[in-house]
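Enquirer: sequence and predicted structure are below.
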Amino acid sequence: MWKVALLLIFTLVTVPVVCFYYDEPLSYLQSEALLTLLWVYGIASLLCFLVSTITDNYSQVDKLWSIMPIPYLWILADYSDYNYRMVLMAILVTIWGVRLTLNFARRGGYSIKFWTGEEDYRWSILRAKPGFEQKWKWILFNLIFISAYQMGLVLLTTLPALRVLGTYGDLGLVDGLLAILILGFIYIEYLADQQQYDYQTEKYKQRSEGSLEPFYQVGFVHTGLWAYMRHPNYMAEQAVWIVFYFFSVIATGHWINWTITGGLLLVLLFRGSSDFSESISEEKYPEYKRYMKTVGRFLPFKGAYKRP
């Protein structure tokens with residue numbers, strides 16, 4: 001895991017720098033706005049590290065994952081004097097963030113005592129793996145990867161809006177098409193999360209009552225969108241930010257700019273995250289290996305899953 005984390009961190013630092021070198025330099029307005037965003041990012045990352053270390057709950061970044069893009073976008077909208085395209089982008093990110101935050105909240109992610117709340121089960125499993133025997137190693141991992149890297153990635157995915165800042169032009173048909181695509185992927189993400197929530201809620205309810213139907217004995221959601229993709233929610237999440245990048249293409253007229261790295265790094269993160277989640281599911285659920293062979297990870301190309 002250390003090797004993967006260090007590779008991601010190296011990529012997070014070097015790829016934007018290299019792309020930035022070959023891209024158009026930032027304007028004074030863009031530089032000023034970026035500095036403001038970096039201050040917000042730095043404070044949020046430090047708070048996540050301190051709170052998680054003190055409380056031993058390492059889902060502090062998870063709590064902010066869906067929240068931080070909203071102020072980032074409205075800060076940029078303010079710098080743009082509420083340019084129509086920037087406002088549209090801010091509204092879309094707000095819709096995305098509110099939906100994801102509500103989904104995280106109903107799963108117990110938040111609490112009145114903000115430093116508590118349900119911790120992602122994968123962190124405890126990861127802490128028990130070789131390489132983290134000494135506490136200082138986990139603290140370092142928390143500082144570098146969980147707090148700094150993941151919060152940095154959240155910021156980087158929103159930075160296509162920074163390239164829009166200072167550009168002018170009326171909203172057009174392509175803006176509308178991108179907005180429709182993003183809303184469509186948000187709906188897919190909502191549908192996938194709802195299907196998973198319904199399945200897991202009923203499974204645990206029946207388990208507590210001592211009688212589990214065969215459908216829920218499988219252990220993992222495997223119908224609806226999940227019959228065609230193993231991670232439809234992850235697919236939609238990645239797609240939202242990849243499509244979001246194209247607002248910067250419209251504004252600048254350049255197909256490639258340095259802010260593309262946010263979407264690319266998000267794809268790498270979800271690849272690693274899904275690998276780790278699936279390694280856990282393989283151990284917990286006997287049927288999961290056949291499910292993996294039958295159903296595509298992020299795309300519905302293999303076919304539909306059918307229970308034996």
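Expert: On my side now, so go ahead. Since the structure is predicted, the reported quantities are computational estimates derived from the model, not experimental observations.
Enquirer: please enumerate the strands of the stretch 201-308 of the chain.
Expert: Using DSSP state E, counting those that start in this stretch, no strands are found in the stretch 201-308 of the chain.
Enquirer: can you pull out the helices in it?
Expert: Listed in chain order, the helices of the stretch 201-308 of the chain (DSSP state H, counting those that start in this stretch) span 214-217, 232-252, 260-284, 288-294.
Enquirer: now the first one: buried residues?
Expert: Read that as helix 214-217. Tyr216 (16 or more other CB atoms under 10 Å). C-beta coordinates here come from the backbone N, C-alpha and C atoms, glycine included.
Enquirer: and if you look at the longest one?
Expert: Residues of helix 260-284 classed as buried: 260-266, 269-270, 274, 276-278, 281 (neighbour count, 16+ other CB under 10 Å).
Enquirer: farthest pair within the residues you listed?
Expert: Farthest pair in the buried residues of helix 260-284 (CB to CB) is Ile260 and Ser281. Separation: 31.4 Å.
Enquirer: returning to what we had before: which of the helices of the stretch 201-308 of the chain sits closest to Gln196?
Expert: Comparing the helices of the stretch 201-308 of the chain by CB to CB, helix 232-252 comes nearest, at 7.2 Å.
Enquirer: and that closest one with helix 260-284, angle?
Expert: In terms of direction (axes from the mean of the first three to the mean of the last three CA atoms, to 10 degrees), helix 232-252 departs from helix 260-284 by 180 degrees.
Enquirer: packing partners for helix 232-252?
Expert: Applying 3 or more CB pairs under 8 Å, 6 or more residues apart in numbering; DSSP states H and E, one finds that helix 232-252 contacts helix 84-106, helix 150-158, helix 160-164, helix 173-209, helix 260-284.
Enquirer: dump those helices to a markdown table, plus distance to Ile75 and mean pLDDT.
Expert: Formatted as a markdown table, these follow (distance: least, CB to CB, whole Å; pLDDT from 0 to 100):
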| stretch | distance to Ile75 | mean pLDDT |
| --- | --- | --- |
| helix 84-106 | 9 | 95 |
| helix 150-158 | 10 | 92 |
| helix 160-164 | 9 | 94 |
| helix 173-209 | 20 | 95 |
| helix 260-284 | 16 | 86 |
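Enquirer: how many residues are close by Tyr305?
Expert: Here the number of neighbours of Tyr305 (other CB atoms under 10 Å) works out to 20.
Enquirer: what's near enough to touch it?
Expert: Applying CB atoms under 8 Å, 6 or more residues apart in numbering to Tyr305 gives the contacts 222, 226-228, 291, 294-295.
Enquirer: looking at these, which is nearest Ile186?
Expert: Nearest to Ile186 among the contacts of Tyr305, with distances taken as CB to CB, is Trp226, at 17.8 Å.
Enquirer: got the contact list for the closest one?
Expert: 192, 195-196, 220, 232, 295, 305.
Enquirer: do Arg207 as well
Expert: Counted by CB under 8 Å, 6+ apart, Arg207 has contacts Tyr216.
Enquirer: with Thr94 instead?
Expert: By CB under 8 Å, 6+ apart, Thr94 lies in contact with 70, 73-74.
Enquirer: if you rank these by neighbours, which is first?
Expert: Most neighbours among those, by other CB under 10 Å: Leu73, with 23 neighbours.
Enquirer: that one: what's it in contact with?
Expert: 86, 89-90, 93-94, 158, 161.
Enquirer: can I get those in a markdown table with distance to Leu46?
Expert: Shown next, in a markdown table, are those (distance: CB to CB, whole Å):
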| residue | distance to Leu46 |
| --- | --- |
| Met86 | 28 |
| Met89 | 27 |
| Ala90 | 25 |
| Val93 | 23 |
| Thr94 | 25 |
| Thr158 | 19 |
| Ala161 | 24 |
